[in-house]
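J.: sequence first, then the predicted structure, then my questions.
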Amino acid sequence: MIAYRIHSPSGKLRVSFLLSPGGTPGYAVHYQGKIVVDSSSLGFTLKDAQPIKFDFEMISSVEDTINEPWQQPWGEQRSMLNRCRQLIVELKEREKPHRIMHLIFRAYDDAVAFRYEFPEQENLTEMVILEENTRFQMRGNPTCWWAPGDWDIYEHLYTKSKLNQINAISKRDFPGLAQTYIPENAVNTPLTMQTDDSLHIAIHEAALFDYSDMTLKVDTTSGLLSSNLVGSDRLGYKVKRSLPFSTPWRVILVSENAAGLADSKTILNLNAPSKIADVSYFTPKKYNGIWWDMHIGKNSWDKASGKHGATTENAKKRIDFAAANGLKGTLVEGWNTGWERWIGFEDREGVFDFVTPYDDYNLDEVAAYAKSKGVELIMHHETSSAPLTYEKQLDAAFALMKKHDLHLVKTGYVGKIIPKGEYHHGQWMVNHYQKVIETAAKYGVAVDAHEPIKGTGIERTWPNFVSREGNRGQEFNAWGSDGGNPPDHLPIVAFTRMLAGPFDFTPGVFNISLKPWKPNNQVNTTLAQQLALYVVIYSPIQMACDLPENYEGKPAFQFIRDVGVDWEKSITLNGEVGEFITKAREEKGSGNWFLGSITNEIARDIEIDFSFLPKGVNFNATIYMDGKDAHYKTYPTSINIEKASINSDTKRVFHLAPGGGLAISLMK
């Protein structure tokens, strides 16, 4: 067995490259002497060609140190440092066809990452991949927080179980999802785990371009996780690439506590620098819109229903509210023709027109009115999962936005993908999402994608991809009869989905009972938690999603007016997966800080040590906390608002109610 190893800069993490006597490449990961991933093999199964997985010899190896400072134009942290040790191994098959493969390993202080690279070569010009055979051999039986490896949607609830109890197949008939396909007992990434000795591990991927989403197939007997790529039934393979090319990075985050996972920047660091010279057309912002109306049934997207929400009059009212309250954007959904046949129909090609408004919505007038009020109109493009229809209109749709000086669009992909046999998370759709991003960049447009491909840090390379959904959002609280998002959902999301990047969750519901519109539904948080989510859940665009009348006269709305959206730095102060989390963030440019803390259905006391604040500076704090009788079920709107002076020497204990939260603004 040939073995080469590199250590992270601090020496805590070690990744070893392994080559068996039979020429099978593999690896292993250790953290301070403990096995994180045991010896695991690497390779590929190809169509009409022998597999790439054995009979290799090592030609060369090169070690290097990467120490690359860089800055984000927007994000959770301005100044970044890509610091790691790197090992590049060149392998060549001993027998014909003598194919060459490079393996690139990186050891960070909080993660190990590796990718496959296939350089230009004589005996291999194209690879048609039936499966990537990357293994992750876990030790013991860790506790996992997982969502099923659905090829079409990420909007399942998470399940907490031991690895050997994962049963993704049982989630096939989950209610309330417009599309779903779970072919294997596999889970989506990020997959977060905790070992019996409390080591926290998350497996994900970075830099997903021109490739398929990697799910993880679970062998509940052995603890083996294996890459299971999303495929194309239509084309009969999972990935097709011409050489040269590199796969996405396979990433294993490792931390002694949950907070370390949440604070990792490795996924971003594994992506290439920005390809956009100037992204100043996008400004992080808070926004409102015509959206929640439809989910609670007050209005509708289509005009034929008689309850059309996207009218000129309604849009102007929302713009007025935004302007009066410091919100810099207004989203209008249902403005364009086609909504009468957008879902539930097989013949969705050509249904939506992305340049033609309904006759009760004057786009020219609304765009001009918004601009006069200092509010940006946010465009909406629902494709109904007919991407070819959207691609035909991309240039016209973005040219229309450029004409009106609009720079942010929310896209949507509800329904089964057309053509049949393609899935939201396969290579074909990954390339479609990328085409939208690159076309948008040419017109100075930023994109917030719903029903997207998952985040893998590509916002570093394409910083006009500012946010995405890719998880179970706020709207589920207004749908169906399954009880909405349970209280532990967001304390799980903070350590799972949020590892993948910005999440357009759309917080800010003040009418938590949803009456009179949805008397049988309710948001399973307190009002204080809805405020805290603006800090806990990161996105450079944050929606005040509720109806304006539900904010009028409510003192708690001041937090939404004040809270930042673009950050100098962000810190996870404490937390446990599925239990609670506390985040603190410094607003870029102002020096103001904001803090958010949330809990699951269990009430708890949280001690906050404010030593993260700059020394010698007193902050005027406004504290929004659960009232004495607050409870997400019985009295969710009970809230106390208190003023205080806080500095870096302050320590204080706060009580979080069941389903509750804490939000603090700290103004210099």
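T.: Perfect, thanks for sending it.

J.: from here on, contacts and neighbour counts on C-alpha atoms
T.: OK.

J.: return the list of helices and strands in contact with the helix or strand of the chain with the lowest mean pLDDT.
T.: Ranked by mean pLDDT, DSSP states H and E, the weakest helix or strand in the chain is strand 2-7, scoring a mean of 90. Applying 3 or more C-alpha pairs under 8 Å, 6 or more residues apart in numbering; DSSP states H and E, we find strand 2-7 packed against strand 13-19, strand 79-93.

J.: quick one: the ones you listed as a markdown table, columns for mean neighbour count, mean pLDDT and distance to Asp364 too.
T.: Shown next, in a markdown table, are the helices and strands packed on strand 2-7 (neighbours: other C-alpha atoms under 10 Å; pLDDT from 0 to 100; distance: least, C-alpha to C-alpha, whole Å):
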| stretch | mean neighbour count | mean pLDDT | distance to Asp364 |
| --- | --- | --- | --- |
| strand 13-19 | 23 | 98 | 57 |
| strand 79-93 | 19 | 98 | 40 |
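
J.: need the contact partners of the least confident helix or strand of the chain.
T.: 13-21, 85-87, 107 (C-alpha atoms under 8 Å, 6 or more residues apart in numbering).

J.: in it, which residues are buried?
T.: Arg5, Ile6, His7 (16 or more other C-alpha atoms under 10 Å).

J.: would you map the helices across the stretch 301-450 of the chain?
T.: Applying DSSP state H, counting those that start in this stretch to the stretch 301-450 of the chain gives helices spanning 312-324, 363-372, 387-403, 427-442.

J.: and the third one, what does it pack onto?
T.: When you say that, I think you mean helix 387-403. helix 427-442.

J.: so the helix it packs on versus helix 387-403, what angle?
T.: Between helix 427-442 and helix 387-403, the angle comes out at 10 degrees (axes from the mean of the first three to the mean of the last three C-alpha atoms, to 10 degrees).

J.: nearest residue to Arg250 other than its sequence neighbours?
T.: Glu205 (4.7 Å; C-alpha to C-alpha, 6 or more residues apart in numbering).

J.: surely that neighbour touches Trp249?
T.: Yes. Counting by C-alpha atoms under 8 Å, Glu205 touches Trp249, with 5.4 Å between them.

J.: coming back round to it: before we move on, which element is the residue nearest to Arg250 in?
T.: In the assignment (DSSP states H and E), Glu205 maps to strand 200-206.

J.: ok, then the element right after that strand?
T.: strand 214-219.

J.: Val535 and Val565: what is the separation?
T.: Plainly put, Val535 is 8 Å away from Val565 if you go by C-alpha to C-alpha, to the nearest Å.

J.: so what does the closest residue to Glu475 other than its chain neighbours have for phi and psi?
T.: Distance criterion C-alpha to C-alpha, 6+ apart; nearest residue to Glu475, sequence neighbours excluded, is His295 at 6.4 Å. Phi and psi for His295, reported as degrees, to the nearest 10, are phi -70, psi -30.

J.: wait, what's in contact with His295?
T.: Glu475, Ala478, Trp479.

J.: closest to Met127 among those?
T.: Glu475 (41.2 Å; C-alpha to C-alpha).

J.: in three-state terms, label the closest one for me.
T.: Under DSSP: H, G, I helix; E, B strand; the rest coil, the three-state class of Glu475 is helix.

J.: per-residue confidence at it?
T.: At Glu475, the model reports a pLDDT of 96.

J.: ok, it to Ile296 distance?
T.: Glu475 is 9 Å from Ile296, where distance means C-alpha to C-alpha.

J.: could you do Gly501 as well?
T.: Counting by C-alpha to C-alpha, the gap from Gly501 to Ile296 is 28 Å.

J.: which residue of these two possesses the greater neighbour count?
T.: Gly501 (23 against 20; other C-alpha atoms under 10 Å).

J.: I figured the more buried one hits Ile453, correct?
T.: No. Gly501 is beyond contact range of Ile453, at 11.8 Å (criterion: C-alpha under 8 Å).

J.: in the stretch 1-150 of the chain, which spans are strands?
T.: For the stretch 1-150 of the chain, strands defined by DSSP state E, counting those that start in this stretch occupy the ranges 2-7, 13-19, 25-31, 34-41, 44-46, 56-71, 79-93, 100-107, 111-118, 126-132, 135-138, 143-146.

J.: got the angle for the third one vs strand 100-107?
T.: Think strand 25-31. 0 degrees.

J.: and the closest residue to Pro419 other than its chain neighbours, how far is that from Val414?
T.: Distances taken as C-alpha to C-alpha, 6+ apart put Ala386 closest to Pro419, at 7.6 Å, once the chain neighbours are dropped. Relative to Val414, Ala386 is positioned 9 Å away (C-alpha to C-alpha).

J.: ok so, going back, ok, the residue nearest to Arg250 to Leu81 distance?
T.: From Glu205 to Leu81 the distance is 19 Å (C-alpha to C-alpha).

J.: how many neighbours does Lys47 have?
T.: 16.

J.: do Lys569 as well
T.: 17.

J.: hey, what's it bridged with?
T.: Using DSSP bridges, the bridge partners assigned to Lys569 are Glu586.

J.: can you tell me which residues contact it?
T.: Neighbours of Lys569 in contact, by C-alpha under 8 Å, 6+ apart: Glu76, Gln77, Arg78, Arg585, Glu586, Glu587, Lys588.
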